[in-house]
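Participant: sequence and predicted structure, then a few things I'm wondering about:
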Number of protein chains: 2
Amino acid sequence: MAAVQNGSPRKRLDIVVVGGGLVGSLEALYLAKRGHRVRLYEYREDIRKSPQARGRSINLALSIRGRKALRDVGLEDHMVKKHGIPMTGRRIHRTDGSTYVIPYDSRTNQCIYSVGRNYLNSLLLQESERYENVERHFNHKLIEANLRKGTLKFQKTDTNQDVDVNADLIIGADGAFSAVRKAMMKQPLFDYSQTYIEHGYLELCIPADESGGFQMPANYLHIWPRGEFMMIALPNQDCSWTVTLFMPFTNFQNLDTEDKLIEFFEKYFPDSIPLIGKKKLIEDFFIGKPSPLVAVKCRPYHVANKALLIGDAAHAVVPFYGQGMNAGFEDCTLLDQLFQKHKDDLVSILEEFSKTRWQDTFAISDLAMYNYIEMRDLVTRPSYRVRKAMDDIVFWLLPNFWVPLYNSVTFSTMPYSQCVKNRQWQDKVLKITLLFLGAVVLTGVWMRRNNVV
Amino acid sequence: MAAVQNGSPRKRLDIVVVGGGLVGSLEALYLAKRGHRVRLYEYREDIRKSPQARGRSINLALSIRGRKALRDVGLEDHMVKKHGIPMTGRRIHRTDGSTYVIPYDSRTNQCIYSVGRNYLNSLLLQESERYENVERHFNHKLIEANLRKGTLKFQKTDTNQDVDVNADLIIGADGAFSAVRKAMMKQPLFDYSQTYIEHGYLELCIPADESGGFQMPANYLHIWPRGEFMMIALPNQDCSWTVTLFMPFTNFQNLDTEDKLIEFFEKYFPDSIPLIGKKKLIEDFFIGKPSPLVAVKCRPYHVANKALLIGDAAHAVVPFYGQGMNAGFEDCTLLDQLFQKHKDDLVSILEEFSKTRWQDTFAISDLAMYNYIEMRDLVTRPSYRVRKAMDDIVFWLLPNFWVPLYNSVTFSTMPYSQCVKNRQWQDKVLKITLLFLGAVVLTGVWMRRNNVV
């Protein structure tokens, strides 16, 4: 049995985690380490036994906030060193097939890691087997919840049997379409928003080459930015690439014949056709259906001392900052710190989590929305590259004083809202500096022309 | 039987309106005039038989958009001339009990009208009795809806009997907590937000004086602006006043004894105590519970050619611009124009309504949020009064060219989003003018000082 953290809790709490995805199974580990009784209920069957489920991304970008959480539960080294594929920058594909690299961190070469969702989820579940205070229940669909009372009713999807459950605390980690959150919406004064973007996504695949190696340089996040739409690719352990095409739904609808599809790819992504394979491209494109992308914001995250939302259930974000999983994992880390700080007193823990977390999750949600425009459009513009160059120079000169936005979000644990404030301050400084320099230059030109010198 | 509009529709549609409040019963009249079959289902009992329901405001401000709709169904004169009480401006109460007036429209003396919710609702329902193509069903609670199929299931609240209903079109006019909208939320790509403000409201009453007259000058909306909170009063037909206290919930909670309440009123609203009566104030304050205020935004408003949201169900707003009912009534007017334009073709009507209406309802929602700050705080500041004076002067000089925001919202049918754009443009003009005047004055002063003249 794995080690329980120093000092047993004041009271062994009976905690139910709804949702056995990435965030739910990580949270179970954190709570298990604190010595509480944890029951994990998952709607789907055990991912360790089932093939890849459709409709969820296959791989993800793990960065510092996610790594910190994995470190806390003893899994960082395994994920990063053994499984993750480092990506050191964005590799931009032009329409002529040529590419160039925008490094994430030219100063200290920090990188993000491409990890498999299923692999990581399985690893977290497997790790929980080492704690005898964790139970796992799969094929359990939440059908009723009384959050104030701490009671839940599940239906077993294999036998249709109902199961009633009581808990000291219910943690809803059941994703963007959370059933726990749906129950929470009945609470008065619960703010909620769901916003769909007009773009959908569809996954394609670049297989390994004949010798089983990567067909493209492996240590990059590849991007084909095309203004209104874009394609990206993340490397997999088996040397294949998961390719994702993001595009307005109307554009997807227009590509309704094989000819139109190939014409479209030949125009915008010609270098990808031989990599994916024309036949496979047509097959995967027309089998798949573009999935919608939703951003969810809500608050507060808790009901009394009985229920709490974390992860996508609390703050689903669009995927363009690569922070969805990282933000969810950070929820677990922060929650663990609050358990420590308030000595397992649920009233204080849940209240403080609700009061302090939303500013940061709202901030990363807005950043992710904005980053979509950056990734598919701005990244190709000179103004973007000038700004990035200025950022990099000052960062290189004054690394503690000036951290660019992407770096503070991805390679630091600075609160997301603080990252945004930093950027606003940096924008002001650069603006004033440029105005000042502009004024100096103009004065100089004027003085020369008028022979004042 | 009342007259049906010129030209029978291409097809007599079978339309169900869910919600028999102000907007639902007005919509029923519009549709009845077009010759369609209308069935109106209302959760509560017939308002014409029941006493005032708690939890909804007693009186409302009727302005031009609401009047236009009442005119269309032949009820404007009755409501405005016989029942409505004109309010020509805001009458601001200082803490020393003195008052001053800010007229709504000093140029042409347009005014808004205080009308009773129950009276207006009853009148609309009564009017619908004149159409034999309208059925009214009270005590029907919507419990299930399949909007794509156009099927609804109601439960009769008196007999618990289930009633199944089919329709060509379902119109959800069932208010801020709409059950039709709840069904619509299951549609993919449905954007939705609900935002509670941290202030609640509580209604009090200033009765008529001993001779049955008004205790305060009648033709005003009275406001006691106090920064973080405020109180307002609207006149009723029986010469009483409905007084509404808006305040953060935490402030309400702090007033937990009679002494604290009276001390609070003596400090902030001393002139209101003899008007309300100390005993009645204590009674009403502690019987009542502050109600929350929510703003709801969503889109699209329709499902295929089968279902549509209007009124608060589509866009509940906070009450601070006095436009909630007016915006809902305007929905009905615009919808009627679309029925006319598209000759009762539901696909085109619903699509165009969804596509064109949200910009305006989002705009009035944001304006109403902003106006709360204006009413309780800004209105007392010199900067506000200077700006208002400037607005009024230019409006007086150039009435067609320069319409102040409040006037365009309240006394014109300009789309709400256009009102906001106008204001942004006016702000820019005033800013540039002031900068220019400032530069002229500074130059003049400098020239005089340096004897350049």
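Facilitator: Perfect, I can see it now.

Participant: what's the helix or strand bottoming out on mean pLDDT in chain A in contact with?
Facilitator: The weakest-scoring helix or strand in chain A, judged by mean pLDDT, DSSP states H and E, is helix A:382-397 (a mean of 84). Here helix A:382-397 makes contact (Cβ atoms under 8 Å, 6 or more residues apart in numbering or on different chains) with A:I102, A:S106, A:R107, A:E374, A:L378, A:F401, A:W402, A:V403, A:P404, A:N407, A:Q426, A:L430. For every residue, glycine as well, the C-beta is placed using N, CA and C.

Participant: same thing but at 6 Å, please
Facilitator: For helix A:382-397, contacts defined as Cβ atoms under 6 Å, 6 or more residues apart in numbering or on different chains pick out A:S106, A:R107, A:L378, A:W402, A:P404.

Participant: skip the chain neighbours and tell me the closest residue to the last one.
Facilitator: So that's A:P404. Sequence neighbours aside, A:D391 is the residue nearest to A:P404 in space, at 4.1 Å (criterion: Cβ to Cβ, 6 or more residues apart in numbering or on different chains).

Participant: count the residues that sit near the one you found.
Facilitator: Neighbours of A:D391 under the rule other Cβ atoms under 10 Å in any protein chain shown: 19.

Participant: so A:L245 versus A:L234, what's the distance?
Facilitator: 13 Å (Cβ to Cβ, to the nearest Å).

Participant: swap in A:F329?
Facilitator: Remark: distance between A:F329 and A:L234 (Cβ to Cβ) = 18 Å.

Participant: ok, those two, which is more surrounded?
Facilitator: Taking neighbours as other Cβ under 10 Å, A:F329 and A:L234 compare with A:F329 leading, 28 against 24.

Participant: got the contact list for the more buried one?
Facilitator: Counting by Cβ under 6 Å, 6+ apart, A:F329 touches A:L26, A:G66, A:A69.

Participant: what about whatever residue of chain A ends up closest to chain B, neighbour count?
Facilitator: Closest to chain B within chain A is A:S193: 3.4 Å, counting by Cβ to the nearest Cβ. Close neighbours of A:S193, defined as other Cβ under 10 Å, add up to 16.

Participant: check which helix or strand covers it.
Facilitator: Secondary structure assignment for A:S193, by DSSP states H and E: strand A:191-206.

Participant: A:T380 versus the residue nearest to A:P404, what's the distance?
Facilitator: Applying Cβ to Cβ, the value for A:D391 to A:T380 is 17 Å.

Participant: on that earlier part again, elements contacting the strand holding A:S193?
Facilitator: Here strand A:191-206 touches strand A:241-248, helix A:272-276, strand A:291-299, strand B:191-206, going by 3 or more Cβ pairs under 6 Å, 6 or more residues apart in numbering or on different chains; DSSP states H and E.

Participant: strand partners of that strand, parallel vs antiparallel please.
Facilitator: When pairs are called by DSSP bridges, strand A:191-206 turns out to pair with strand A:241-248 (antiparallel), strand A:291-299 (antiparallel), strand B:191-206 (antiparallel).

Participant: which parts of the first one are buried?
Facilitator: In this case it means strand A:241-248. By 16 or more other Cβ atoms under 10 Å in any protein chain shown, the buried positions in strand A:241-248 come out as A:W241, A:T242, A:V243, A:T244, A:L245, A:F246, A:M247.

Participant: helix or strand right after it?
Facilitator: Counting by DSSP H and E, the element after strand A:241-248 in chain order, helix or strand, is helix A:249-254.

Participant: got any ranges where chain A has weak pLDDT?
Facilitator: Counting by pLDDT under 70, chain A shows low-confidence ranges at A:1-10, A:51-57, A:453.

Participant: so which residue is dead centre in it?
Facilitator: In chain A, the centroid-proximal residue (Cα atoms, centre = their mean) is A:G324; its distance is 2.1 Å.

Participant: quick check, that one in contact with A:V317.
Facilitator: Yes: using Cβ atoms under 6 Å, A:G324 makes contact with A:V317 at a distance of 5.2 Å.

Participant: endpoint to endpoint, stretch A:28-48 covers what distance?
Facilitator: 17 Å (Cα to Cα, to the nearest Å).

Participant: and if you look at stretch A:245-254?
Facilitator: 15 Å.

Participant: helices and strands around the helix ranked longest in chain A, which ones?
Facilitator: Once chain A is assigned using DSSP state H, the helix that runs over the most residues is helix A:416-449. Packed against helix A:416-449 by the contact rule (3+ Cβ pairs under 6 Å, 6+ apart) you find helix A:346-376, helix A:405-411.

Participant: ok, which of those helices comes nearest B:K186?
Facilitator: With Cβ to Cβ, the closest approach to B:K186 among these belongs to helix A:346-376: 22.8 Å.

Participant: ok, the closest one near chain B or not?
Facilitator: No: figure legend: helix A:346-376 not in contact with chain B (Cβ under 6 Å from any Cβ of the partner chain); closest approach 12.5 Å.

Participant: buried ones in that helix, by neighbour count?
Facilitator: A:346, A:349-354, A:357-358, A:360-372, A:374-376.
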